[in-house]
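1. Requesting a structural model of the entry that follows:
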Amino acid sequence: MNGRRFLVVLGGVILFSNLVVAQSAPQTALDFEFSVMAWERMRDVGYAQIKTEARSKPRPVAADFEILPLRISSQGRSDLYRYEGPAPVRLVATSGEGDALRATRMIGAITDQRIPRQAMLMLGPAADDALTVTVLDDSPAAFPGQHVRVVNLAEEPIQGTIDGQTFRVDTTRATLAPRRVGENARIGVAFERQGRPIVVFDQSLRVGAEERVMLVFLPPFREGADVRVRVVRDQVFEPAEP
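-> A predicted model of the protein is given here:
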(Lines give C-alpha, C1' and ligand atoms only; values in the text may rest on other atoms or scores of the structure.)
Protein backbone atom coordinates (compact mmCIF):
# COMPACT_ATOMS: atom_id res chain seq x y z
CA MET A 1 0.00 0.00 0.00
CA ASN A 2 1.80 3.12 -1.22
CA GLY A 3 -0.76 5.60 0.03
CA ARG A 4 -4.46 5.59 0.72
CA ARG A 5 -6.61 8.56 1.62
CA PHE A 6 -9.66 8.46 3.89
CA LEU A 7 -12.11 11.10 4.99
CA VAL A 8 -15.03 11.36 7.35
CA VAL A 9 -16.89 14.66 7.12
CA LEU A 10 -19.33 15.33 9.92
CA GLY A 11 -21.63 18.31 9.75
CA GLY A 12 -22.14 20.08 13.05
CA VAL A 13 -21.15 18.47 16.34
CA ILE A 14 -21.48 14.69 16.63
CA LEU A 15 -20.38 13.41 19.97
CA PHE A 16 -17.97 10.49 20.05
CA SER A 17 -20.18 8.58 22.51
CA ASN A 18 -23.11 8.63 20.10
CA LEU A 19 -20.92 7.27 17.32
CA VAL A 20 -19.58 4.37 19.37
CA VAL A 21 -22.93 3.33 20.78
CA ALA A 22 -24.33 3.26 17.24
CA GLN A 23 -22.07 0.34 16.27
CA SER A 24 -24.15 -2.75 15.54
CA ALA A 25 -21.55 -5.36 14.65
CA PRO A 26 -18.18 -6.59 15.95
CA GLN A 27 -15.25 -4.62 14.55
CA THR A 28 -11.97 -5.85 13.07
CA ALA A 29 -9.08 -5.54 15.55
CA LEU A 30 -6.09 -3.42 14.51
CA ASP A 31 -2.60 -3.22 16.02
CA PHE A 32 -0.07 -0.81 14.53
CA GLU A 33 2.46 1.90 15.37
CA PHE A 34 2.25 5.29 13.75
CA SER A 35 3.56 8.82 13.63
CA VAL A 36 1.72 11.87 12.34
CA MET A 37 2.56 14.75 10.01
CA ALA A 38 0.44 17.80 9.19
CA TRP A 39 1.00 20.84 6.99
CA GLU A 40 -1.18 23.30 8.84
CA ARG A 41 -0.95 24.09 12.52
CA MET A 42 -3.16 21.65 14.41
CA ARG A 43 -4.03 21.74 18.08
CA ASP A 44 -6.44 19.84 20.27
CA VAL A 45 -6.48 16.66 18.19
CA GLY A 46 -6.52 13.17 19.66
CA TYR A 47 -7.54 9.61 18.92
CA ALA A 48 -9.81 7.09 20.58
CA GLN A 49 -8.01 4.08 22.06
CA ILE A 50 -9.95 1.15 23.48
CA LYS A 51 -9.06 0.32 27.07
CA THR A 52 -7.07 -2.87 27.65
CA GLU A 53 -9.79 -4.52 29.70
CA ALA A 54 -12.37 -3.94 26.95
CA ARG A 55 -10.44 -5.33 23.96
CA SER A 56 -12.23 -8.67 24.04
CA LYS A 57 -15.66 -7.07 23.80
CA PRO A 58 -17.38 -7.67 20.43
CA ARG A 59 -19.38 -4.43 20.71
CA PRO A 60 -17.54 -1.77 22.71
CA VAL A 61 -19.42 1.26 24.02
CA ALA A 62 -18.22 4.79 24.75
CA ALA A 63 -17.06 3.98 28.27
CA ASP A 64 -14.67 1.35 26.85
CA PHE A 65 -12.53 4.02 25.13
CA GLU A 66 -10.06 6.62 26.33
CA ILE A 67 -9.00 9.72 24.43
CA LEU A 68 -5.26 10.13 23.89
CA PRO A 69 -3.73 13.41 22.67
CA LEU A 70 -1.67 13.73 19.49
CA ARG A 71 1.26 16.16 19.58
CA ILE A 72 1.42 17.33 15.98
CA SER A 73 4.07 19.57 14.46
CA SER A 74 4.02 21.20 11.03
CA GLN A 75 7.83 20.86 10.92
CA GLY A 76 8.18 17.06 10.85
CA ARG A 77 6.92 13.77 12.15
CA SER A 78 5.37 13.46 15.58
CA ASP A 79 6.40 11.13 18.35
CA LEU A 80 5.54 7.46 17.92
CA TYR A 81 2.08 6.26 18.95
CA ARG A 82 0.40 2.88 19.03
CA TYR A 83 -3.17 1.92 18.20
CA GLU A 84 -4.72 -1.30 19.42
CA GLY A 85 -8.45 -1.63 18.97
CA PRO A 86 -11.33 -1.93 16.53
CA ALA A 87 -11.62 -0.36 13.10
CA PRO A 88 -12.22 2.38 12.19
CA VAL A 89 -9.54 4.48 13.87
CA ARG A 90 -11.25 7.67 15.02
CA LEU A 91 -9.56 11.07 15.17
CA VAL A 92 -11.31 13.57 17.40
CA ALA A 93 -11.26 17.21 18.38
CA THR A 94 -10.47 17.48 22.09
CA SER A 95 -10.85 19.83 25.01
CA GLY A 96 -9.25 19.78 28.44
CA GLU A 97 -5.95 18.24 29.51
CA GLY A 98 -4.71 15.23 31.44
CA ASP A 99 -7.46 13.30 33.17
CA ALA A 100 -9.98 15.91 31.99
CA LEU A 101 -9.19 15.38 28.29
CA ARG A 102 -12.34 14.52 26.34
CA ALA A 103 -13.57 14.27 22.76
CA THR A 104 -15.94 16.97 21.56
CA ARG A 105 -16.55 15.61 18.07
CA MET A 106 -15.11 13.29 15.48
CA ILE A 107 -13.10 14.96 12.73
CA GLY A 108 -11.69 12.04 10.75
CA ALA A 109 -11.40 8.28 10.55
CA ILE A 110 -9.32 5.58 8.93
CA THR A 111 -11.88 3.12 7.64
CA ASP A 112 -9.56 0.76 5.77
CA GLN A 113 -8.59 -2.40 7.66
CA ARG A 114 -5.29 -2.92 5.79
CA ILE A 115 -3.26 -0.42 7.77
CA PRO A 116 0.46 -1.33 7.74
CA ARG A 117 2.07 -2.31 11.05
CA GLN A 118 4.35 0.74 10.76
CA ALA A 119 2.40 3.68 9.40
CA MET A 120 2.62 7.40 8.86
CA LEU A 121 -0.60 9.40 8.94
CA MET A 122 -0.62 12.63 6.95
CA LEU A 123 -3.39 14.97 8.04
CA GLY A 124 -4.85 17.77 5.98
CA PRO A 125 -7.88 20.05 6.27
CA ALA A 126 -11.15 19.28 4.49
CA ALA A 127 -14.68 20.63 4.42
CA ASP A 128 -16.71 21.21 7.59
CA ASP A 129 -13.62 21.28 9.83
CA ALA A 130 -12.91 17.62 9.13
CA LEU A 131 -9.58 16.04 8.20
CA THR A 132 -8.28 14.08 5.26
CA VAL A 133 -6.08 11.21 6.39
CA THR A 134 -3.46 9.76 4.05
CA VAL A 135 -1.94 6.49 5.28
CA LEU A 136 1.61 5.60 4.20
CA ASP A 137 3.55 2.40 4.80
CA ASP A 138 6.52 3.63 6.84
CA SER A 139 8.37 0.34 7.19
CA PRO A 140 12.00 0.02 6.02
CA ALA A 141 10.91 -2.54 3.43
CA ALA A 142 8.39 -0.12 1.90
CA PHE A 143 10.49 3.04 2.29
CA PRO A 144 14.21 2.22 2.58
CA GLY A 145 17.10 4.58 3.02
CA GLN A 146 18.38 6.53 -0.02
CA HIS A 147 14.88 6.60 -1.52
CA VAL A 148 12.60 9.46 -2.54
CA ARG A 149 8.83 9.27 -2.08
CA VAL A 150 6.41 11.64 -3.82
CA VAL A 151 3.19 12.43 -1.94
CA ASN A 152 0.58 14.37 -3.90
CA LEU A 153 -2.00 16.06 -1.68
CA ALA A 154 -2.47 18.96 -4.09
CA GLU A 155 -5.59 17.61 -5.83
CA GLU A 156 -3.81 18.35 -9.13
CA PRO A 157 -2.01 15.78 -11.32
CA ILE A 158 1.76 16.20 -11.16
CA GLN A 159 4.53 14.75 -13.30
CA GLY A 160 8.27 14.89 -13.46
CA THR A 161 11.56 13.02 -13.30
CA ILE A 162 13.63 11.52 -10.50
CA ASP A 163 17.21 10.85 -11.61
CA GLY A 164 16.02 10.61 -15.20
CA GLN A 165 13.07 8.30 -14.46
CA THR A 166 9.73 9.83 -15.42
CA PHE A 167 6.66 9.62 -13.21
CA ARG A 168 3.10 10.89 -12.97
CA VAL A 169 0.84 11.00 -9.90
CA ASP A 170 -2.80 11.81 -10.59
CA THR A 171 -5.60 12.67 -8.17
CA THR A 172 -6.84 9.09 -7.69
CA ARG A 173 -3.85 8.01 -5.59
CA ALA A 174 -1.75 9.87 -3.10
CA THR A 175 1.77 8.60 -3.63
CA LEU A 176 4.37 7.27 -5.98
CA ALA A 177 6.24 4.14 -4.89
CA PRO A 178 9.60 5.25 -3.42
CA ARG A 179 12.43 5.48 -5.96
CA ARG A 180 16.04 4.64 -5.16
CA VAL A 181 18.33 7.53 -6.01
CA GLY A 182 21.99 8.34 -6.12
CA GLU A 183 23.79 10.42 -3.53
CA ASN A 184 22.80 13.54 -5.47
CA ALA A 185 19.30 13.11 -6.86
CA ARG A 186 18.11 15.39 -9.64
CA ILE A 187 14.35 15.97 -9.39
CA GLY A 188 11.99 18.04 -11.51
CA VAL A 189 8.23 18.27 -10.98
CA ALA A 190 5.46 20.21 -12.72
CA PHE A 191 1.68 20.44 -12.76
CA GLU A 192 -0.57 21.49 -15.63
CA ARG A 193 -2.49 24.74 -15.91
CA GLN A 194 -4.62 25.22 -19.03
CA GLY A 195 -2.61 22.54 -20.81
CA ARG A 196 0.73 24.16 -19.98
CA PRO A 197 3.26 22.62 -17.54
CA ILE A 198 4.13 24.81 -14.55
CA VAL A 199 7.42 23.79 -12.91
CA VAL A 200 7.14 23.82 -9.10
CA PHE A 201 10.34 21.94 -8.19
CA ASP A 202 13.67 21.63 -10.02
CA GLN A 203 16.59 20.84 -7.74
CA SER A 204 19.34 18.40 -6.89
CA LEU A 205 18.97 16.84 -3.45
CA ARG A 206 21.71 15.13 -1.48
CA VAL A 207 20.36 11.86 -0.05
CA GLY A 208 22.44 9.83 2.43
CA ALA A 209 22.50 6.04 2.59
CA GLU A 210 20.17 5.95 5.64
CA GLU A 211 18.20 9.04 4.71
CA ARG A 212 14.75 9.16 3.16
CA VAL A 213 13.24 12.15 1.40
CA MET A 214 9.58 12.92 0.87
CA LEU A 215 8.40 15.52 -1.62
CA VAL A 216 4.95 16.55 -0.44
CA PHE A 217 2.82 18.59 -2.83
CA LEU A 218 0.05 20.67 -1.25
CA PRO A 219 -2.88 22.72 -2.57
CA PRO A 220 -2.13 26.38 -3.34
CA PHE A 221 -2.86 28.97 -0.68
CA ARG A 222 -5.32 30.66 -3.02
CA GLU A 223 -7.05 29.93 -6.30
CA GLY A 224 -4.77 30.44 -9.27
CA ALA A 225 -1.55 30.19 -7.25
CA ASP A 226 1.04 27.45 -7.75
CA VAL A 227 0.97 24.10 -6.03
CA ARG A 228 3.09 24.19 -2.86
CA VAL A 229 5.91 21.76 -2.14
CA ARG A 230 7.57 20.65 1.09
CA VAL A 231 10.80 18.65 1.29
CA VAL A 232 10.81 16.36 4.33
CA ARG A 233 14.07 14.64 5.27
CA ASP A 234 13.78 11.65 7.52
CA GLN A 235 15.64 8.61 8.77
CA VAL A 236 14.46 5.02 8.46
CA PHE A 237 11.52 4.43 10.78
CA GLU A 238 12.55 2.53 13.91
CA PRO A 239 9.69 0.51 15.46
CA ALA A 240 9.26 0.34 19.20
CA GLU A 241 10.66 -2.64 21.07
CA PRO A 242 8.03 -5.35 21.67
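2. List the contacts of Arg230.
-> 39, 215-216, 218 (C-beta atoms under 8 Å, 6 or more residues apart in numbering). For glycine as for every other residue, the C-beta is placed from the backbone atoms N, C-alpha and C.
3. just Arg212 next, same as before
-> Taking C-beta under 8 Å, 6+ apart, we find Arg212 in contact with 143-149, 178, 233-236.
4. Next step: those restricted to strands.
-> The members of the contacts of Arg212 that map onto strands under DSSP state E are 147-149, 178, 233-235.
5. Can you say which of these are buried?
-> Burial by neighbour count, 16 or more other C-beta atoms under 10 Å: within the ones in strands among the contacts of Arg212 this picks out 147-149, 178, 234.
6. Now render the residues you listed as a markdown table, adding distance to Gln113 and pLDDT.
-> As requested, those are exported to a markdown table (distance: C-beta to C-beta, whole Å; pLDDT from 0 to 100):
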| residue | distance to Gln113 | pLDDT |
| --- | --- | --- |
| His147 | 27 | 94 |
| Val148 | 29 | 94 |
| Arg149 | 23 | 92 |
| Pro178 | 24 | 89 |
| Asp234 | 26 | 84 |
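7. Tell me the one of these nearest Glu156?
-> Arg149 (18.1 Å; C-beta to C-beta).
8. Check whether that closest one really touches Asp137, as I assumed.
-> No. If you go by C-beta atoms under 8 Å, Arg149 and Asp137 don't touch, sitting 9.9 Å apart.
9. Now for those two: what residues contact both?
-> Both Arg149 and Asp137 are in contact with Phe143, where contact means C-beta under 8 Å, 6+ apart.
10. Could you spell out which stretches of this structure belong to which domain?
-> Domains of the chain are assigned by automatic domain parsing as 4-137, 147-235.
11. So what pairs up with the closest residue to Ile162 other than its chain neighbours in the strands?
-> Nearest residue to Ile162 in three dimensions, chain neighbours excluded: Arg179, at 4.8 Å (C-beta to C-beta, 6 or more residues apart in numbering). On the basis of DSSP bridges, Arg179 is bridged to Val148.
12. what comes up buried for stretch 212-223?
-> Buried residues in stretch 212-223, counted by 16+ other C-beta under 10 Å: 212-219.
13. make that stretch 156-166, sorry
-> 156, 158, 160, 162.
14. same deal with stretch 95-109?
-> Neighbour counts using 16+ other C-beta under 10 Å place 103-109 of stretch 95-109 among the buried residues.
15. Pick out whichever of these sits closest to Asp64.
-> The closest of the buried residues of stretch 95-109 to Asp64 turns out to be Ala103 (C-beta to C-beta; 13.5 Å).
16. mind checking which helix or strand the closest one is in?
-> Element membership for Ala103 (DSSP states H and E) is strand 102-110.
17. Which other helices and strands does the helix or strand following that strand contact?
-> Scanning forward in sequence from strand 102-110 by DSSP H and E, the next helix or strand is strand 118-125. Applying 3 or more C-beta pairs under 8 Å, 6 or more residues apart in numbering; DSSP states H and E, one finds that strand 118-125 contacts strand 29-38, strand 131-137.
18. Let's see that with 10 Å instead.
-> strand 4-8, strand 29-38, strand 81-86, strand 89-95, strand 102-110, strand 131-137, strand 147-152, strand 211-218 (3 or more C-beta pairs under 10 Å, 6 or more residues apart in numbering; DSSP states H and E).
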